[in-house]
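> Could you look at this predicted model? Sequence included:
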Amino acid sequence: MIQEIEVVGGAIPLTRTEPVQQWTEEWSTQLYVKAVASGLVGWGQVLPSGGNSTQPFRAILERLRADVLGRDESDVRGLWNAMRRTTFTGGYGMTTGAISGIDIALWDLAARKAGLPLAGLLGGTGRRVRRYASLARYRTVDQVVEVVGRLRDAGYRSVKLHQPRETMLDAIRAVRDRYGSEPILSADLNCAFGLEAAVDFMNRVQRFELEWIEEPVWPPDDFDALKRLNRLGPIAAGENAFSLLEFKRLVEMEALTYLQPDIAKVGGVTPALEILSVAKSHGVSVAFHNRPDNGWVSTMASAHLASAVAPEALIETPPNEIPGGVFAFQGVVEKNEIQVGGPGLGIAPLDTAPRSGEARALRFHDP
């Protein structure tokens, strides 16, 4: 029986790089869900999207808490359906984000109760999965070149940039001019362009052979535009899709080369399993989206899913290992791979982890 659902605000700081990145405050906020049942504790995580505010999610979680308290924690899918029906008039986005926190925590509980890693509960054999280092934004192209060089020297083989639209192409060119084809590069444009400007960017960037171009066009749900751009080069998107039907449409349209579900936004493990099944049936690659902060709970949940049912998937992570003294952690995080551990997710925030109740607004582009 579920005895408690607690919302826990985190303030685990972004690991500073050299040179120092931007977004250090914006990406130093987390929102966790702690579920208590049968003498065990499970942890989930919510990505505070929608302006980076945690307050709307807290309100929805408080409503969902009333639905699940006293219920059988082992009926995870039944509880997911109950939460979804409670919030169906709100659609997706913040509602599925809030559901994510509880759902992940319940799966963590289920695996802990079974004495297995989540990957094992899902039928996996503990296969390692590939991670990549996702950078915040830097003020100059020279800083991008320097930090990529430091990561390359440290052994990272795959890096993603988040530069603004005005300097992204220059940054890519400068990194390639300095370091050649290593590391593997991808670029997240955060929906920077209209369609024609995105087409122009795709034509210009082709020669640099990026692993993917992520969300180049505004609005993010213009699937027809994504399909057109995917013909020019590998497109990745999905962090702003929230329903199974959206993901099915994206893959059926051949709008993407890489599908990017975010387990802390789509509703948790339960719908993510269905999304991975759709991707597999259509032969589409998966690159799990995670905000590259030091939250790590949803990141490890993604890694467990990949290890169990999508071993070729990539996992987005910050450009560092799990910070010491913040989490109880069982598993291995190396420069380019993650080995999941257990029981459950194999990770839980310690009582000493920094906590907070609010976040600074995150703006990707000037109006």
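Looks like it arrived, so ask away.
> and the residue sitting furthest away from the middle of the chain, what helix or strand is that in?
Relative to the centre of the chain, and counting by Cα atoms, centre = their mean, the farthest-placed residue is Gly70 at 30.3 Å. Secondary structure assignment for Gly70, by DSSP states H and E: no helix or strand.
> Okay, now the unreliable bits of the stretch 1-150 of the chain?
Across the stretch 1-150 of the chain, nothing is flagged by pLDDT under 70.
> SS state for Gly44?
strand (DSSP: H, G, I helix; E, B strand; the rest coil).
> tally of neighbours for it?
29 (other Cβ atoms under 10 Å). From N, CA and C alone the C-beta is placed, and that goes for glycine too.
> quick one: contacts for it?
32-33, 35, 100-106, 108, 264, 268, 297-298, 301 (Cβ atoms under 8 Å, 6 or more residues apart in numbering).
> So what's the model's average confidence on stretch 288-304?
Mean per-residue pLDDT for stretch 288-304: 97.
> How far off centre is it?
Stretch 288-304 sits 5 Å away from the centroid of its parent chain (Cα atoms, centre = their mean, to the nearest Å).
> Kindly provide the distance from the residue nearest to the residue farthest from the centre of the chain when sequence neighbours are not counted to Thr167.
Excluding its sequence neighbours, the residue lying closest to Gly70 (Cβ to Cβ, 6 or more residues apart in numbering) is Met1, at 5.9 Å. For Met1, the distance to Thr167 equals 54 Å [Cβ to Cβ, to the nearest Å].
> So the two - more neighbours on which side?
Thr167 (17 against 11).
> My guess is that one contacts Val141. True?
Yes. Look at Thr167 against Val141 with Cβ atoms under 8 Å: they come within range, at 5.8 Å.
> mind listing the helices in this protein by residue range?
55-68, 76-86, 94-114, 118-121, 141-154, 168-179, 195-205, 223-230, 244-252, 269-281, 297-309 (DSSP state H).
> Mind putting these into JSON lines with distance to Phe327 and mean neighbour count?
Formatted as JSON lines, those follow (distance: least, Cβ to Cβ, whole Å; neighbours: other Cβ atoms under 10 Å):
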{"stretch": "helix 55-68", "distance to Phe327": "21", "mean neighbour count": "17"}
{"stretch": "helix 76-86", "distance to Phe327": "23", "mean neighbour count": "17"}
{"stretch": "helix 94-114", "distance to Phe327": "13", "mean neighbour count": "27"}
{"stretch": "helix 118-121", "distance to Phe327": "16", "mean neighbour count": "24"}
{"stretch": "helix 141-154", "distance to Phe327": "21", "mean neighbour count": "17"}
{"stretch": "helix 168-179", "distance to Phe327": "32", "mean neighbour count": "17"}
{"stretch": "helix 195-205", "distance to Phe327": "37", "mean neighbour count": "17"}
{"stretch": "helix 223-230", "distance to Phe327": "36", "mean neighbour count": "19"}
{"stretch": "helix 244-252", "distance to Phe327": "30", "mean neighbour count": "18"}
{"stretch": "helix 269-281", "distance to Phe327": "19", "mean neighbour count": "20"}
{"stretch": "helix 297-309", "distance to Phe327": "8", "mean neighbour count": "28"}
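> any chance of the ones you listed in CSV, plus distance to Ser134?
Formatted as CSV, the helices of the chain follow (distance: least, Cβ to Cβ, whole Å):
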stretch, distance to Ser134
helix 55-68, 22
helix 76-86, 28
helix 94-114, 19
helix 118-121, 22
helix 141-154, 11
helix 168-179, 14
helix 195-205, 18
helix 223-230, 20
helix 244-252, 21
helix 269-281, 19
helix 297-309, 10
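> So which of those is nearest Asp351?
Minimum separation from Asp351 across the helices of the chain (Cβ to Cβ) falls at helix 297-309, 15.0 Å.
> That closest one: how far from the chain's middle?
Worked out by Cα atoms, centre = their mean, helix 297-309 lies 10 Å from the chain centre.
> tell me the contacts of Ala154?
Here Ala154 is in contact with Lys335 (Cβ under 8 Å, 6+ apart).
> Name the residue closest to the centre of this protein, please.
Note: the chain centre (Cα atoms, centre = their mean) maps to Asn290, 1.6 Å.
> got the contact list for that one?
So Asn290 contacts Ser134, Asp262, Ile263, Ala264, Ser298, Thr299, Ser302, Ile315, Glu316, Thr317 (Cβ under 8 Å, 6+ apart).
> Against Thr299, how distant is it?
5 Å.
> can you list residues touching both of the two?
Ile315, Glu316, Thr317.
> residues near the last one, how many?
Looking back up the chat, that one is Thr317. 25.
> Let's see stretch 45-62 as PDB, backbone CA atoms only.
The C-alpha trace of stretch 45-62 is given here as PDB (Å, rounded to 0.1, in the frame of the first residue of the first chain):
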ATOM      1  CA  GLN A  45      12.000  12.800 -11.100                       C
ATOM      2  CA  VAL A  46      10.100  15.500 -13.000                       C
ATOM      3  CA  LEU A  47      11.600  17.800 -15.500                       C
ATOM      4  CA  PRO A  48      10.300  21.400 -14.700                       C
ATOM      5  CA  SER A  49       9.600  22.400 -18.200                       C
ATOM      6  CA  GLY A  50       7.200  25.200 -19.200                       C
ATOM      7  CA  GLY A  51       9.300  28.200 -18.100                       C
ATOM      8  CA  ASN A  52      11.400  26.100 -15.700                       C
ATOM      9  CA  SER A  53       9.000  26.700 -12.800                       C
ATOM     10  CA  THR A  54       8.400  23.900 -10.300                       C
ATOM     11  CA  GLN A  55       5.200  25.300  -8.800                       C
ATOM     12  CA  PRO A  56       2.700  24.100 -11.400                       C
ATOM     13  CA  PHE A  57       4.100  20.500 -11.100                       C
ATOM     14  CA  ARG A  58       3.900  20.700  -7.400                       C
ATOM     15  CA  ALA A  59       0.200  21.600  -7.600                       C
ATOM     16  CA  ILE A  60      -0.600  18.700 -10.000                       C
ATOM     17  CA  LEU A  61       1.400  16.300  -7.900                       C
ATOM     18  CA  GLU A  62      -0.600  17.200  -4.900                       C
END
